[in-house]
Structure formats: structure tokens, C-alpha cells
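Trainee: Dropping the sequence and predicted coords here.
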Amino acid sequence: MINFFGIRHLSPAGAFYLREFLENTRPELVIIEAPADFEDVSNDIVRPETKPPFAILAYTKSVPVRTVLYPFAEYSPEYQAILWCHENNVPFRFMDLPSETFLALADERIRKIEQLETDEIDETEPVERKPDVYEMLAEKSADGSHETFWERTLEQCADFSAYHEGANLFGAKIREFSEKDEFDEKETKLREIYMRCVIRNAVNGGVSPEKIVVVTGAYHVEGLKTWENDEKLPELPAAESLHTLMPYSYYRLSTRSGYGAGNKAPAYYELIREGLIRGDRLYPAYAYLSKIAEKTRENGGAASSAQVIEGVRLAGSLAKMRGGNIPTLRDLRDAAETCIGEGSFAAVSVAAADAEIGTKIGELPEGVSRTSIQDDFYRLLKDLKLEKYRSVTAQDLKLDLRENIRAGSEKSAFLDLSRSFFLHKLRVLGINFAEYVPSKQENATWAEEWKICWTPEAEIALVESALKGDTVELAAAFQLKEQVEHSDEMSVIAKAVEDAFCCGMSAAANYAVGALQRAAVDAVSFEELAKTAFSLSNVINYGDIRRADCSEIIPILQQIYLRACLVMTGACVCDDAACSAVAQAVNMLNSVELAQNSLDTEKWLYALRETARRDDLNTKLSGLCAAILLERNQMTNDELKTEVSRRLSKGVPADLGAGWFEGLTLKNRYALIARLSLWESLDEYLESLDDEEFKRALVFLRRAFADFSAAEKDSIAENLGEIWGLNGEEVSEVLNAKLDETSQETIDALADIDFDL
Amino acid sequence: MDNSILRLPAEQLFEDELNALIKAEKDPVPEGWRMSPKSVKTYICGGKVGKTVITPKYIGHERLVEIAIATLVTDRALLLIGEPGTAKSWLSEHLTAAINGNSSRVIQGTAGTTEEQIRYSWNYAMLIANGPSEAAMLKSPVFTAMEDGAIARVEEISRCASEVQDTLISLLSEKRISVPELSLEVPAKKGFSIIATANTRDRGVNDMSAALKRRFNIVVLPAPETLEEEMNIVKTRVEQLSSSLDLNAALPKTEVIEKICTIFRELRNGETLDKKQKVKTTAGVLSTAEAISLLCNSMALAGSFGSGEISDEDIAAGLQGAVVKDDDKDGVAWKEYLENIMKKRGAAWSGLYKACRELNE
């Protein structure tokens, strides 16, 4: 008889009793449910430098990349089984399908689902979904959750045989009642045939069945018992693939529930394991609540030991009410909420996240089974002294890109610059390790700020980037090249140019600049031109500090700038919906012109004047151009006065006038508010209106000032008051007085004006 | 049962259920209790024992009920906190009815509650005639609860003055009461505990001291989470009340209950149920308890002056009183709600809308 040990992946009691079982039975061979081709990394798994949680990631070599992930924690029964075998010199074997087959099956499934989605023929009758077996279990159990049921019934088992029998029975029953879809069924069948095959081969290889222990998910125990039947292994689909060990985190472990059984509270499960080792069943209860109290105090809350003691007692009596002797996580959490949080979970939620999930990250020995890009990444991390940032808590990094003149070597003089290049490359690759924080200090071209936080997702993205190149630099170059080649929009190419400069990759930058030159010949919209010019201008601004040669870019910028100046007026014929994009482009181009000395200022001013002057364009944009001219001191007070009275004169529909005014306020408001002549013109305009017109104008002007702050509105009112001969105090008295009833009615009546006339 | 009594205490009203539970008891019973914690939960949340159906007394968060009962099993005191009308007193009454079979050991916390009312006072005639003696002592409900190993209730604890609240501290930590006049120390028997209730709207009136709070396990009772849950509560309670009050009117239809609960929830949450429109909230708390009393009120109107079936006019009168308390703003909010929300709800609501508007003209 072969010894089958049914487990749940990531089960502290399973891991503990499995070791006890192996110790007692002393098998000659242990067969473990894990992809057969992973055996090659098992040597690295048992090295003392390897600290769980870690995972084995398998990924396909070609696009689209499919991945499968096998996470392990300290309390994974499989991990403990491997460790035991290593310590006792007992051989072990992995018996599940090779990962390449899993990947092929996953690919097939995704394709099928995608096809179903595109077909959309399935409208005949909705398939009635049978209740999930876990949902049914939750409904029947006293705890109302299958997770708590498992914890209460199996993790809290008092001895080995209870767990062994319980888990096997649990698996058999789940198997009996679960409903699977076509794919699951097929996959399970294939896996079990393969696993039976491995067991049979082992027995045929001369190991007596009594001396074999098979460690498998409880679900499969029933399926593997028939291993003696001789059956043929069908042909296995395979996708060309690679696999690698990677560090993992408790946080990530808790968010993945797809892996057979959820493991929502890894840090708490670690406490259960600790309790089993200490032989103290109540250890998780003390430890969990003490941790919550500690964290609550750290966060500035009050939590006394007395509260912890009360919490443990309450959890104990809750457990008794719910049919157990030892509190489960749910009981403990209720107790924490009541005794430490004083009835509100919000008060302990941060602490609970820490006590349940934790921030632990795994570690791997240097150079272990990594892809070359991982090696490169870690080498660079060390080289650039960024290793301490590899943690799950976010940290800020401020870079000074200037040369450090006190540094001894060139390398250390430009350390921050190299760091910036490196982090930008990761950003280009979409590796979620460092997040760029736009600098608050304007025009500080030498300062950069990053928020760095290591996540296992970053590691996965890194492994996926292995397809793009063997080093971070090569992969980033490939990525940029792809971006340039697959883009029709000039601004995207310009962005690639900017990125290449940020990454300090001159070859890639030259390539992108060439592509840009070709694209610039084609007709493109004003917005595109402005965006492109903006990107290029950034590159030139930052060029010096990044020690890059910008000489090739300046002529392209000039060319694009000229085009933009020429087409701007035409682009200002647009409706209000398109207007905000154009307005943004106008602002961009203005800042480009201000930043670069090599550009012809007169061309830009001409375009601005033209747009500001003409009546047949979008009035808001005309207003904006006028505002820019004002700001640049290209429009005198008299000109402004004329323009205001012309735009707001009686014949012009009130909404157009207000639109213009709105455009005028888009730029520097304080400059406008301070300009008394403007308000004089506005006053004249208001005076010229009759009552009915005034009401209409009032509504539109109100819109124009809608996003002014209260203080700004007050200063405008004071300006107008000054013109009407009132001093500031009198104005503010009027402004801050409560509306009387007649004014309120008049204002309410404005809502009824029909503007469609 | 004596039908002439306006309101029977819970332990008499549900005597049959309690007896059935005690008879069928299988689990261990804590000292001083009449039934096991599990049975208490069944009594509160409903279920079945043998052939007796146990009606649910508290509908909603069973988890909170479990925490409350488990708290009383350990010797901690229990503090129920919530908005007005979230069944705090209701729950505390039923807990004591199930655990002790006596829900009448109550102290009502008011601004006028004194220390003597929590500890003991004297029959002054006897005190002057015979001097201090145990016979001349008037024991408070807390005192007798300690002697009997039972649970005492303190309602609206945050309405009491701070020094009165603080009297409870020594009682709860020492678990004994001393009568210096008689040089007597009365230790509490096992099973003694206190259930206090406090109102979140009163927060800040007489805030409880940290020392006192620490002696309580705090359970916050929320307003019903969903419309269905609230309707269920209202329906069950209205049925129970109308049979004991002999209202001579037909029970409200589901549509009526739904309308009332919808209006209450929307005005309470400040937005329509589909979350598409904002609504002005009212100053008064529109609790579930208020919805229940509104419906009973409407039934009384219908039974005494109407056809025996609740009409839109009956509800409108009740709604007006419930929503518009003394504040002018409530009147405005209610009118806006009528015009902006109710008017546009179509035919099913038009009768109620018209009836409400008539009262507001």
C-alpha cells in the first residue's frame, strides 16, 4: 500500500503533520505534486540562503506570454517535504504535468474564451450555474465560511491521524460534490493520468509501495489510488517554456486566491505554524492580538495589555459558541474589533492588515536560477547602491543629477545620474519598481524624485521582459524601437525620443530621432505638433544635465515649431468640445517658445495676434491668445480696452462674449485682476446693457468666473467697486451680507431664462 | 397571558419559546444562566427547537449578536452603541430575558439619575425610626443583580452625569458593593454583568470616561444594511405589535412597507436608493423604530377613523409628523423630496404624493 498524504497547499498543520508522518514512516521515496520539470530548481530551494516565501514561475518563450506560478511559504507542506528529504538524504520526485503542458493548456483555454467572447452566439438559454461546492460548504457550516471551516476542522486538528483522515475525507467529498467546467475536467484527468504514471514507474523501478509517500492535494487522493491500472499516457500538448525561481511576498500570496485554496492571511498562518512547533494551541490567539495591540500603539492609538487579555478571553468564548475550542481568525478579528477597536473595525484595520498579511518578502541566494535580465537587474541594483530600496514599504529617493565634484571617481560623481538612467529604463519597460514623481520645484532640471517600492509583480514583469533582451538596457532599447516602429502618431515617437534621452541611451535616441524626422514630413494636426515640440523641448532642456548631445534635435524642433505656428490659427476653428485640447496645445507651444532660444519668436507672436484678433474662431481660444499676449507684454492697456469693448459690445451674442472672457481668464489671473483698465471696460459694457440683456450677460459672466476662488472673486468685486466709487470695506460688507428675499427671488428667476431664443 | 397589560416584558411575551429552549438544552450552561450561549443566540436570531418555532427578535448581524453573548460569558460588561432606533434596548431586553428570565432590572439613565439610584438608597421613614438596617435599604437593580448573579441593564448611559457613570467603575472592577452604614460588603455572584446602551447622537453630552469604557466590550449596532433587511424588520415588528395592541386594521401591504422604508432610507442616507440623485437629509433620525411606530400609528388611524385598511392619507399624516420635527429645514427638505423624487416616481407613488402634498399646502 502506498501512503497517500492529502494536503492543502499552504497549510501549517499539513506541513507540520507531514513532517511528523515522514519522520515516523521513514519512506525510501517521496513523490510530490509539483510540475515534473521543476526538479532542477529543487537544489536551490533547499539551500540555506533561500528564505520563503518564494515562487517558481514558468513562462512561455514566445508572445503572447503565458505564465504559471507556484508560490511556496514556510508552511507549505511541499516545501517541508522537500526539506525533509534533503535533510535525510531521501530521494524525491515531482509528479505533476510538466509546466510546458500547463502553459499549453492555459493558452488553449484563453484562446477558447476569447473566441467565445467574439462569437457571442450563446444567447439561446442561460446555463444555470450550479452552486459552487465551497459555497455549499460555507452555507452548511456553523461558521458561514469554508475558509473558517477549514481552519476550525483541519488546521486545529489535535494530532496527525485526525489531520490525515480529515484531509483525505475532505478531498474525497469535495471531489464528489464539485462541478467542473470542461477545461478543468480535462486538465484534472490529464494530470491524474500523468501522476499515476509517475507513481507506477517508481514502483516498477524497484521501490516497494510501502516505502513510498505521495504528497498531493487532498482532492487528488481518490484519483491516484488506482495507480496500479496500466494505462497509456496520451500525447501531451507543450508550449516552449522556461522557468525560474523568484522571491515572493506575503502580500502577493494573500491576493492570489486562484491557487487551489486561498491564503488570505499568510502572517497569521505563520503564527499557526509557530504554535504547532511550540506545542501551544492558543499561541496564534495571543500572538495575533498582541501584534494588533502593538501596531495600534505604533499608529498612535491606545491599546493596553488588559485589552489583549480581554480579547483572548472573548475570542475563546466566541469559539465555544461557534462550536470549537480554539479561536479561529474570524473569532480573533471579532475580538480585536470589540476589545481593541472599541466596536469599530476601522480603528484596528491597519493593524489587522499587518498581523494577517504582513510585509515579509522571500530571499534567494545570489545568482540562483535567474534569467539573465534578472541577473543584470540585481547586479545593477548592487552597483548603483539601490539594494536597500528593495522592500515592500515605499521609500522616497531624491536624485541630484549634477556632477558631484567632491566625489573621487567619475562613477561616483555621476552615481545619481546613472541611477536615474536605470530607473527610467525600468519605467520604459513597465516594471513596477520605481514610480516617477514629477518635481514640484519648477525648472529644477537637475532634481528628480522617485517613489520606490518592490513588489513581486515587478519581478514577474522583469522576467517577462527577458523576451525583449538579455539586459535591462537591451530590453529597454527593444521596447523603444517597438514603440517607434508601431506608431503612427508623431507625438508618440517624440515621447520615445524623450524616453531614450531619459534612459541615457544615445543609440536608441538617434534611431528615434531619425524616425521622427521622417514622420515630421507628413501632415499632422496642431495638437500633435505641439505635443511633439514639447517633448523635444524637454529633451533639449534636460540634455546638458544628462550629458546628451542635442545638436540633432534642434533643427527638427525648429521645423516642427514653424509648422505649428503656421497651422495654429486654422486649428482654432473648432467647437467647445475640441477647444480644451487645442488650448492645452497652445499653452504647450508657448512654453516651448519661451524655453528655447533657437526659435523665431516673431512667428509665434504673429500667430497669437492673428488668433486673438479674428472673430471667426472659437472665441475662447481667441481669449486665451489675448491672455498670452498680455502676459508677454505684447498688448497695451488701450488695445485691451478696445478688444474688451469690441468682444463684449451690444450686438455680440452674450455667450460668445462670455466665452472670450473665459479664455482670457485661463492664463495668469492675478495679472488680470490687477489690471484696472480691463475692469473699466467691463463696467462700460455692463452699463450699456438694458435689463433683459444684463440678466443674460450675468449668467454667462458667472460661468466665466466659475472656477475663480472666493478670494479672487472678492478682489474682482473690489476692483469694480473702486470704479463705482466704493472703498474695499464697503464692498466686502455688501458681499458678505446675507441675501434678502427679493434678491434671492431675482437670482432664482435667472434659472428660468430661455437661452434658445 | 394577561391581555390588559399594555406591554408585557419579553420573558412573558415569549415564555413558550424560552421554555422550549430550556427544555431542549444540550450544551453546557454557564453559571447563573438559564440556557447555553448557543440557545441564547437561537432565541435572539430565530430558529427551531423541536416543534417550536423561535421567531427572530433581532434581524441582521448575527455576528454582532454572537459577540454580545460571548462578552457576557466572560465576566465583561457589554456596551451597545448605535443611532437612535437601532434596537439597542430591544436587544438588551431580550438578552436579559433569555439569560436570566428577567429583563426588569433596569436603570434608565437621565440627566437626573443619581448615584443612589445605581447603588442603593434608604427608606427614610424606617431609617429615622429604626436606624440603618438592611430592611431600611432600597436596593438598586444593579445591587439585586449582584446578589442574584444576574444581569442589570443601564439604558442611555451617556445621558447620566459623569460622576454617576463613574460609580459603575468600581462596581465593574471590584465586582462588589459596599454599604459603609452597615459595614457590609456584598460580593457579586457569578453571572453578574451589566448591559449598557448609549446613543451616538448624544455623543459629547456626557462622554464616557476612558476608565469606564475600558470595562465594557463595545458593540456598535448599525442601521439595517439593505432595503430588504429593513422591510423584514419592520414587517415582523408591526405584526407582533398589532396583535398585542388590537388595532382593528389590516396589516400593511408589502408595497406600503416598501414605500415607507424607501423614503426613510433615502432621507437618512442623503441619496436615492439607486444612488443617482442627492437628497437633503433631515435633522431628525429616521430610524427603523420610527418606521415601525409610523405604520402602527397609521393602522390605528385606519382602524379607528377609516376603512380598516391603511390609505395613503393615513401614511401621509404619519410621514409628515415623522419627517418634519421642529426644524424649519426639515420642512424644506421634505417638500423638495416630494417634488423632486416622489412626484417623478410614477403611478404607484402618485396617491401617496398627492396625500403628502395636501398636507404641505
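Mentor: On my side now, so go ahead. Only a predicted model underlies this, so the values are computations on that prediction, with no experimental measurement involved.
Trainee: now the helices: where do they sit in the stretch 201-350 of chain A?
Mentor: Remark: helices assigned in the stretch 201-350 of chain A by DSSP state H, counting those that start in this stretch are A:221-224, A:250-255, A:266-278, A:283-298, A:305-321, A:329-335, A:349-356.
Trainee: count of neighbours near the closest residue to residue A:361 other than its chain neighbours?
Mentor: Counting by CB to CB, 6 or more residues apart in numbering or on different chains, residue A:249 is the residue found nearest to residue A:361 once chain neighbours are left out, at 4.5 Å. Yep, even glycine has a C-beta here, placed from its N, CA and C like the rest. As a burial measure, residue A:249 scores 26 neighbours (other CB atoms under 10 Å in any protein chain shown).
Trainee: isn't residue A:249 right next to residue A:390, touching?
Mentor: No. Applying CB atoms under 8 Å, one finds residue A:249 not in contact with residue A:390, separated by 11.0 Å.
Trainee: between the two, what contacts are shared?
Mentor: Common neighbours of residue A:249 and residue A:390, using CB atoms under 8 Å, 6 or more residues apart in numbering or on different chains, are residue A:361.
Trainee: and the residue of the stretch 251-361 of chain B nearest chain A?
Mentor: residue B:332 (13.3 Å; CB to the nearest CB).
Trainee: hang on, residue A:156 packs against residue A:326?
Mentor: Yes. Using CB under 8 Å, residue A:156 is in contact with residue A:326, at 4.9 Å.
Trainee: Low-confidence ranges, chain B, go.
Mentor: B:1-3, B:203-205, B:326-327 (pLDDT under 70).
Trainee: domains in it, as residue ranges please.
Mentor: B:10-221, B:227-360 (automatic domain parsing).
Trainee: So for residue A:627, which of these sits nearest?
Mentor: Nearest to residue A:627 among the domains of chain B is domain B:227-360 (35.6 Å), distances taken as CB to CB.
Trainee: any chance you could map the helices in the stretch 51-200 of chain A?
Mentor: A:77-88, A:99-119, A:133-140, A:146-150, A:160-177, A:182-204.
Trainee: out of those, nearest to residue A:676?
Mentor: helix A:99-119 (64.0 Å).
Trainee: hey, C-alpha coordinates of that closest one in PDB?
Mentor: This file holds the C-alpha atoms of helix A:99-119, laid out as PDB (Å, rounded to 0.1, in the frame of the first residue of the first chain):
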ATOM      1  CA  SER A  99       5.000  23.200 -16.800                       C
ATOM      2  CA  GLU A 100       5.200  23.400 -20.600                       C
ATOM      3  CA  THR A 101       2.000  21.300 -20.700                       C
ATOM      4  CA  PHE A 102       0.300  23.600 -18.200                       C
ATOM      5  CA  LEU A 103       1.200  26.600 -20.300                       C
ATOM      6  CA  ALA A 104      -0.100  25.000 -23.400                       C
ATOM      7  CA  LEU A 105      -3.400  24.100 -21.700                       C
ATOM      8  CA  ALA A 106      -3.700  27.600 -20.300                       C
ATOM      9  CA  ASP A 107      -3.100  29.100 -23.700                       C
ATOM     10  CA  GLU A 108      -5.800  26.800 -25.200                       C
ATOM     11  CA  ARG A 109      -8.200  27.900 -22.600                       C
ATOM     12  CA  ILE A 110      -7.600  31.600 -23.000                       C
ATOM     13  CA  ARG A 111      -7.900  31.300 -26.800                       C
ATOM     14  CA  LYS A 112     -11.200  29.400 -26.400                       C
ATOM     15  CA  ILE A 113     -12.600  32.000 -24.000                       C
ATOM     16  CA  GLU A 114     -11.600  34.800 -26.400                       C
ATOM     17  CA  GLN A 115     -13.200  33.000 -29.200                       C
ATOM     18  CA  LEU A 116     -16.400  32.600 -27.200                       C
ATOM     19  CA  GLU A 117     -16.400  36.300 -26.500                       C
ATOM     20  CA  THR A 118     -16.100  37.300 -30.100                       C
ATOM     21  CA  ASP A 119     -18.700  34.700 -31.300                       C
END
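Trainee: Would you mind pulling the contact partners of that helix?
Mentor: Residues contacting helix A:99-119 (CB under 8 Å, 6+ apart): A:35, A:37-38, A:58-60, A:64, A:66-68, A:122, A:183, A:186-187, A:190, A:236-241, A:243.
Trainee: got the helices of the stretch 51-200 of chain A as TSV, with mean pLDDT columns?
Mentor: Putting those into TSV (pLDDT from 0 to 100) gives the following:
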stretch	mean pLDDT
helix A:77-88	92
helix A:99-119	80
helix A:133-140	79
helix A:146-150	82
helix A:160-177	86
helix A:182-204	85
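Trainee: Excluding residues flanking it in the chain, which one is nearest residue A:424?
Mentor: residue A:502 (4.1 Å).
Trainee: Keep only those of the contacts of helix A:99-119 that are in strands.
Mentor: The strands, defined by DSSP state E, take in A:35, A:58-60, A:67-68, A:241, A:243 from these.
Trainee: Take those and write them to a markdown table, including distance to residue A:269, pLDDT and neighbour count.
Mentor: A markdown table is the format used below for the ones in strands among the contacts of helix A:99-119 (distance: CB to CB, whole Å; pLDDT from 0 to 100; neighbours: other CB atoms under 10 Å in any protein chain shown):
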| residue | distance to residue A:269 | pLDDT | neighbour count |
| --- | --- | --- | --- |
| A:35 | 24 | 89 | 22 |
| A:58 | 25 | 83 | 24 |
| A:59 | 28 | 79 | 22 |
| A:60 | 32 | 80 | 21 |
| A:67 | 25 | 77 | 17 |
| A:68 | 23 | 81 | 19 |
| A:241 | 30 | 83 | 22 |
| A:243 | 26 | 83 | 25 |
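Trainee: Farthest pair within those?
Mentor: Most distant of the ones in strands among the contacts of helix A:99-119, by CB to CB, are A:35 and A:60, 14.0 Å apart.
Trainee: Next, give phi and psi for residue A:365.
Mentor: Reported as degrees, to the nearest 10, the phi and psi values for residue A:365 are phi -60, psi 150.
Trainee: count of neighbours near it?
Mentor: Using other CB under 10 Å: residue A:365 sits among 13 other residues.
Trainee: I'd like the distance between the residue lying closest to it once chain neighbours are set aside and residue A:89.
Mentor: For residue A:365, ignoring the flanking residues on the chain, the nearest one in space by CB to CB, 6+ apart is residue A:49 at 3.7 Å. Remark: distance between residue A:49 and residue A:89 (CB to CB, to the nearest Å) = 20 Å.
Trainee: And these two? Which one has more around it.
Mentor: residue A:49 (10 against 6).
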